[in-house]
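Peer 1: Whatever this is, show me its structure:
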Amino acid sequence: MQPELFQPAEIKFTLPEGLPGPRLWIRRLALWQNPENLLRDIQLRRGVNVIWSPDLSANGAGATPHGSGKTTFCRLIRYCLGERQFSSEEQRPLMQHKLPNGFVGAEVILDGECWVITRPIGMNLPSRASRAERIEETFDQLLVATEPSTIAPMISDRFCARYRDQVHGNLKPDQVWEVLLAWLTRDQECRLDDVFDWRSKRSGSGSPAQELSLETKLTVVRLALRALSVEEIGATVQSRTLVRQRDDLREKLGHLDWFQSQRFSELCEGLSFPKDRDPAEQIVRKELIDKANEKLAKALGAEHTKGQSPNVGLRGRRQILQEERNKSSDDRAEKKAILQSLPGQIAAIRAEQGTEQARLETGVIVRCTICRVSIDEVTAKGCGVSLERCNLDEVKSRIDGAKQLVDGLQRQQRALPGEIGDLDHKITNLDAEIARIDDLFSELDDQDSARNATVTLARELVREATWFDRQLEGRAAIAERLNVIDNKLEGVRQTAGLERDRAASAIGDLETLFGQLVAALMPKGCFGKIKLDGHRLHPEISLERGVGLSTAAVESFKIVAFDLAAMILAVNGKADMPSLLIHDSPREADLDAGIYSNLFDVVLGLEKLADPPPFQYIVTTTTAPSDISADHPALRQQLSSTPPQARLFAMDF
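Peer 2: Alright, predicted model coming up:
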């Protein structure tokens, strides 16, 4: 692509007062096998940082540019900034086995203060985040975990405190920074396919961003860009609730209206009921039900009580008779049990009576029941053992009492058969009455069978009329509720629309930067714009006729330009996010070669707009930047897949 085809647009920084450089940037990333053995030490800078693994055309050694550690380098930065994992599940055990005491260290500058972060590669060290100037200063505390264990909460407090509690859904406030980090440090596996495609499950990062809905991602991005207000968030949540309620009510009304239109006419025909009546009126529906019951009563050949189903009185009478029969049966069983036990009771009492009589009549030989001394001897001498006296009058009294008890039981024994007979007769009569009612039911059932079609139709009409009434009972209330919800929803949507209009200034600033980047990087005749609707942000690049660019190239560049525009917006103090951006091998995502080459010119030009550069842009690449020599300050590290010492960890895994 010829350089004269480009017409760079002017991009300016409007730095907030007192900002000495980027609020968040990584000054150094180092890898240790253990505290005594340093594997790799990479010094980074504010501005552009290039990590280069030369491709086959440039390395002169036939080494593939892949497998050198560029993506792992990006993941380690994310790991030090609070992401949960540093590699995929397949690679992690290999690295942990080879480096059981290994760790990565980073010197992170946050609002001018240096924080040292050390995180384990192996399994033997905790994660730490502490204030220090150099990583080595913390080696005496490597085995002591800090609280918090990562720098993520501190970064969240500095950049996300204003809005992290406003993200609804399944995202917790302390996860908002992790989502923002996913945007600023996209996975290479996502291939720059979509503006909101940040984390691939294949990367194994453990980022919550890979499970989020597009709506939640959009919320985080808009909040960070100051393009979303609390009022719009509330209106959106309320709108979502109202839409669910509205849809439920519409579905109910739809069913009711269909049912009304289909069934009322059929019911009127089946019951000879006037079709010009309004079924929405309760009195009409009640008349319809009564008409159906009359038809059923006529089909059954029974009298119909207005407003009541037939056979109700007959069934009630049978229930009363059955309850009386059950009670009589229980009484009969109880009396039979008593009658059966009386002979034994009478015999026992008579035996006791005979014993007492024998004691009275043969007192000379009967011994006292207390002291076992002969009664005549006790009378003469007194009992030398018992304190009680033997009282012959009491013995006589017991004999008389036993006789009376026997007489009473005998009278009961003579009376019970008659009482049982009366109950038998009563039960027989009740059984006959119940049988008569059952026979009547049977006759009615026989009549039903004989007139099965008529009765079945009549019963179906009763069921349909009753169900029709139940279904339409609450229709007016549902319709009123639906009207209220529709009015509320319209008001809420107007509020959300007004809030989106108010956000237009923030989106306008982003769109201006996006358009400038498109003009600076793309051929003449290309225009960039950003639209915001209720569903997402839409960065778009328009091509004039004759401009020859593949769709893949345009889509990849659109994402790069969008990220850079957001980074510049943060530089200008108009976004609540770090002016930090990492792009892992964007050329490999089908980015056009000419645009890719010009990308470095543009971002290096941004460095000259302020001293020190107020941003940090880290890019890994296999394509040599045309204007970056081996001694260029932006080239921070050169890696290679061979030999092993040239890889990021300087070894094989």
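Peer 1: show me what contacts L564?
Peer 2: Going by Cβ atoms under 8 Å, 6 or more residues apart in numbering, L564 touches 513, 517, 581, 603, 617. Yep, even glycine has a C-beta here, placed from its N, CA and C like the rest.
Peer 1: Now neighbour count, secondary structure and pLDDT too, for those, in TSV please.
Peer 2: Shown next, in TSV, are the contacts of L564 (neighbours: other Cβ atoms under 10 Å; DSSP: H, G, I helix; E, B strand; the rest coil; pLDDT from 0 to 100):
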residue	neighbour count	secondary structure	pLDDT
L513	26	helix	92
L517	26	helix	90
L581	23	strand	97
V603	24	helix	92
Y617	27	strand	97
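Peer 1: Out of those, the closest to N170 would be?
Peer 2: L581 (26.9 Å; Cβ to Cβ).
Peer 1: Which residues are in contact with the closest one?
Peer 2: Counting by Cβ under 8 Å, 6+ apart, L581 has contacts 184-185, 563-564, 567, 615-618.
Peer 1: Run through the bridge partners of it.
Peer 2: Y617 (DSSP bridges).
Peer 1: and it, how far is that from L180?
Peer 2: 12 Å (Cβ to Cβ, to the nearest Å).
Peer 1: Pick the one among the contacts of L564 closest to L110.
Peer 2: Looking across those and measuring by Cβ to Cβ, the closest to L110 is L581, at 16.5 Å.
Peer 1: Would you state the strands of the stretch 401-550 of the chain in chain order?
Peer 2: Secondary structure of the stretch 401-550 of the chain (DSSP state E, counting those that start in this stretch): strands at 526-532, 537-543.
Peer 1: Let me know which of the ones you listed is tucked in deepest.
Peer 2: Highest mean neighbour count among those (mean count of other Cβ atoms under 10 Å): strand 526-532, with a mean of 18.
Peer 1: Look at the spatially most central residue of the chain and tell me its secondary structure.
Peer 2: Centroid-nearest residue in the chain, with Cα atoms, centre = their mean: N170, separated by 7.7 Å. Three-state assignment for N170 (DSSP: H, G, I helix; E, B strand; the rest coil): coil.
Peer 1: what are the phi and psi values for it?
Peer 2: Here is the backbone geometry of N170 (degrees, to the nearest 10): phi -90, psi 20.
Peer 1: for the longest strand along the chain, packing partners?
Peer 2: In the chain, taking DSSP state E as the definition, the longest strand is strand 24-34. Under the contact definition 3 or more Cβ pairs under 8 Å, 6 or more residues apart in numbering; DSSP states H and E, strand 24-34 sits against strand 37-43, helix 70-80, strand 103-110, helix 152-159, strand 580-584, strand 616-621.
Peer 1: and V176, which of those is closest to it?
Peer 2: Closest to V176 of those is helix 152-159 (Cβ to Cβ; 6.6 Å).
Peer 1: Give the buried residues for stretch 148-155.
Peer 2: Going by neighbour count (16 or more other Cβ atoms under 10 Å), the buried part of stretch 148-155 is 150-155.
Peer 1: Under the pLDDT cut-off, which ranges of the stretch 1-150 of the chain? List them.
Peer 2: 1-9, 56-65 (pLDDT under 70).
Peer 1: repeat that for 80
Peer 2: Counting by pLDDT under 80, the stretch 1-150 of the chain has low-confidence residues at 1-9, 55-66.
Peer 1: where do the helices sit along the stretch 51-200 of the chain?
Peer 2: 56-59, 70-80, 91-98, 152-159, 176-184 (DSSP state H, counting those that start in this stretch).
Peer 1: how about JSON lines for those helices, with distance to C526 added?
Peer 2: As requested, those are arranged in JSON lines below (distance: least, Cβ to Cβ, whole Å):
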{"stretch": "helix 56-59", "distance to C526": "28"}
{"stretch": "helix 70-80", "distance to C526": "29"}
{"stretch": "helix 91-98", "distance to C526": "40"}
{"stretch": "helix 152-159", "distance to C526": "32"}
{"stretch": "helix 176-184", "distance to C526": "24"}
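Peer 1: re earlier: out of the helices and strands packed on strand 24-34, flag the one nearest Q494.
Peer 2: helix 152-159 (31.9 Å).
Peer 1: dump the residue contacts of the residue nearest to the centre of the chain.
Peer 2: Neighbours of N170 in contact, by Cβ under 8 Å, 6+ apart: 211-212, 216.
Peer 1: Include distance to M95 when you put the helices and strands packed on strand 24-34 into TSV, please.
Peer 2: Below are those laid out as TSV (distance: least, Cβ to Cβ, whole Å):
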stretch	distance to M95
strand 37-43	12
helix 70-80	9
strand 103-110	11
helix 152-159	22
strand 580-584	18
strand 616-621	19
